[in-house]
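S.K.: this one's sequence-less:
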Ligand code: GLN
């Protein structure tokens with residue numbers, strides 16, 4: 001079942017119970033085992049939780065706002081006494097001693113967690129091929145990638161193994177796989193969902209995001225988990241956020257994006273058609289020039305690799321992580337442990353990040369990128385003072401074939417061109433699946449900071 005309303009109606013009418021529902025999802029997980037979606041399935045625990053919920057329903061007790069939702073969790077989000085490895089050998093067998101705020105709040109509202117999904121190592125990647133557990137395959141065509149880094153989260157929803165998936169989005173990792181797999185994927189405003197218990201990649205970009213086929217289930221989940229958390233100083237106190245109103249949202253788009261040489265003709269066509277439709281429905285739709293397109297990917301990769309090189313310091317095999325070496329010499333010990341524990345892509349990023357932060361290059365790269373980030377933010381502020389919603393493609397094309405880009409990192413990085421914007425500026429953004437006769441793809445709506453609920457409302461009409 002892929003619709004929260006329908007699930008709740010059937011629960012209420014006694015046509016199904018939570019145990020049956022969880023069993024249905026477990027059967028789907030088994031059926032699609034070949035796609036390599038789950039690293040671990042919490043079968044026993046999910047069934048036990050379901051039985052408790054069924055008792056609550058039978059006794060007419062108050063139910064949490066997420067009852068009826070069964071969710072998967074990406075392998076970068078911590079749950080106490082459960083393994084979490086960020087798709088890396090470095091955290092092989094690591095068990096978390098805490099539960100992330102987002103998951104704790106969801107559990108408090110009666111969500112059921114069914115398992116832990118595969119992902120690119122430390123959430124670095126766009127294809128789910130950089131995982132120590134091997135790639136996850138796209139359910140629409142198993143010869144193709146599901147996107148990344150939350151590729152398996154998207155496939156877990158795509159193949160109906162759960163209703164909602166928790167992922168993380170540093171530069172598109174929720175929206176891009178959502179686009180490749182034909183589901184909805186949202187990255188909320190930076191700070192809207194606490195990052196406590198999310199394994200850090202690039203802290204000023206990272207944000208927990210949500211995927212589903214059902215926008216109501218996605219919205220309910222966001223409402224339940226968002227808001228201030230004393231354990232994350234960057235989390236937003238929503239009581240101080242002014243709410244605006246859009247009765248008839250105005251749209252804008254960038255002609256530079258529409259005419260981008262990498263944009264496939266099908267997606268370009270869909271975007272143009274959407275623009276015409278919006279106009280026909282009485283919305284203001286304006287073309288706004290954005291001359292910073294070519295700076296997005298370089299700025300993103302300079303800053304995120306810098307932050308990653310610092311965040312990943314802690315994996316030395318002593319404080320955290322895989323221990324291969326028995327060397328007594330500290331340098332050799334670090335080198336051996338980190339060489340064996342990290343995969344190629346993670347090492348590449350640590351090297352890049354260390355380089356852009358190094359004494360001779362700091363001003364030329366890191367500082368320069370910080371300044372460009374500011375220009376991007378200022379420009380978007382001006383754009384959103386005149387339009388409510390920015391319309392973009394999510395991806396340049398449909399999902400590529402397995403192996404196609406894995407040996408060409410720059411080509412893989414460039415594919416992130418339309419998603420990194422939201423993270424550079426901290427904006428809320430959502431990818432919505434479009435009609436397609438072939439492989440799925442999505443279009444993306446972006447809004448001003450903290451207009452997340454309005455964005456969801458607009459997405460319903462969109
Ligand atoms: N593909 C991007 C990267 O590799 C985004 C990843 C993410 O959002 N976690 O950095």
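M.R.: Received it, and whenever you're ready, just let me know what you need. Note that this is a predicted model, so its numbers are computed, not measured.

S.K.: going forward, measure contacts and count neighbours with C-alpha atoms only.
M.R.: Will do.

S.K.: show me where the stretch 201-350 of the chain has strands.
M.R.: In the stretch 201-350 of the chain, strands defined by DSSP state E, counting those that start in this stretch lie at 208-212, 251-253, 285-287, listed in chain order.

S.K.: now those strands as JSON lines including mean neighbour count, distance to the ligand and mean pLDDT?
M.R.: Below are those laid out as JSON lines (neighbours: other CA atoms under 10 Å; distance: least, CA to the nearest ligand atom, whole Å; pLDDT from 0 to 100):
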{"stretch": "strand 208-212", "mean neighbour count": "30", "distance to the ligand": "10", "mean pLDDT": "98"}
{"stretch": "strand 251-253", "mean neighbour count": "23", "distance to the ligand": "22", "mean pLDDT": "98"}
{"stretch": "strand 285-287", "mean neighbour count": "17", "distance to the ligand": "27", "mean pLDDT": "98"}
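
S.K.: so which of those strands comes closest to residue 14?
M.R.: Within those, the stretch nearest residue 14 is strand 208-212; the backing value is 24.5 Å (CA to CA).

S.K.: And the contacts of that closest one?
M.R.: 153-154, 157, 163-169, 174, 178, 183-188, 193-195, 198, 218, 221-222 (CA atoms under 8 Å, 6 or more residues apart in numbering).

S.K.: For that strand, what is the distance to the chain centroid?
M.R.: 6 Å (CA atoms, centre = their mean, to the nearest Å).

S.K.: need the contact list for the residue lying closest to residue 252 once chain neighbours are set aside.
M.R.: Setting aside the residues directly before and after it, residue 252 is nearest to residue 286 in space (CA to CA, 6 or more residues apart in numbering), at 4.5 Å. Residue 286 sits next to 251, 252, 253 when contact means CA under 8 Å, 6+ apart.

S.K.: OK, contacts around the first one?
M.R.: When you say that, I think you mean residue 251. Counting by CA under 8 Å, 6+ apart, residue 251 touches 283, 284, 285, 286, 387, 388, 389, 390, 391.

S.K.: From residue 338, how far out is the last one?
M.R.: Noted for residue 391: a distance of 42 Å to residue 338, by CA to CA, to the nearest Å.

S.K.: For residue 141, see how far away residue 35 is.
M.R.: Relative to residue 141, and taking CA to CA, residue 35 is found at 10 Å.

S.K.: Between the two, which is the more surrounded one?
M.R.: It is residue 35, of residue 35 and residue 141, that has more neighbours when counted by other CA atoms under 10 Å, with 19 against 14.

S.K.: isn't the more buried one right up against residue 138?
M.R.: Yes. Contact between residue 35 and residue 138 holds when scored by CA atoms under 8 Å: they sit 7.1 Å apart.

S.K.: Give me every residue in the stretch 151-300 of the chain that's in contact range of the ligand.
M.R.: Taking CA under 6 Å from any ligand atom as the contact definition, the stretch 151-300 of the chain meets the ligand at 169, 170, 171, 172, 173.

S.K.: Go again with 8 Å.
M.R.: By the rule CA under 8 Å from any ligand atom, the part of the stretch 151-300 of the chain lying against the ligand is 168, 169, 170, 171, 172, 173, 174, 201, 206, 300.

S.K.: check contacts around the residue nearest to the fifth one when sequence neighbours are not counted.
M.R.: Counting by CA to CA, 6+ apart, residue 172 lies nearest to residue 419, which is 4.8 Å off, once chain neighbours are set aside. When contacts are counted by CA under 8 Å, 6+ apart, residue 419 touches 171, 172, 175, 176, 394, 395.

S.K.: Equivalent analysis for residue 25, please.
M.R.: 160, 161, 162.

S.K.: Okay, and which of the residues you listed map to helices?
M.R.: When DSSP state H defines the helices, the subset of the contacts of residue 25 inside them is empty.

S.K.: Could you pick out the buried ones from these?
M.R.: Buried members of the contacts of residue 25, scored by 16 or more other CA atoms under 10 Å, are 160, 161, 162.
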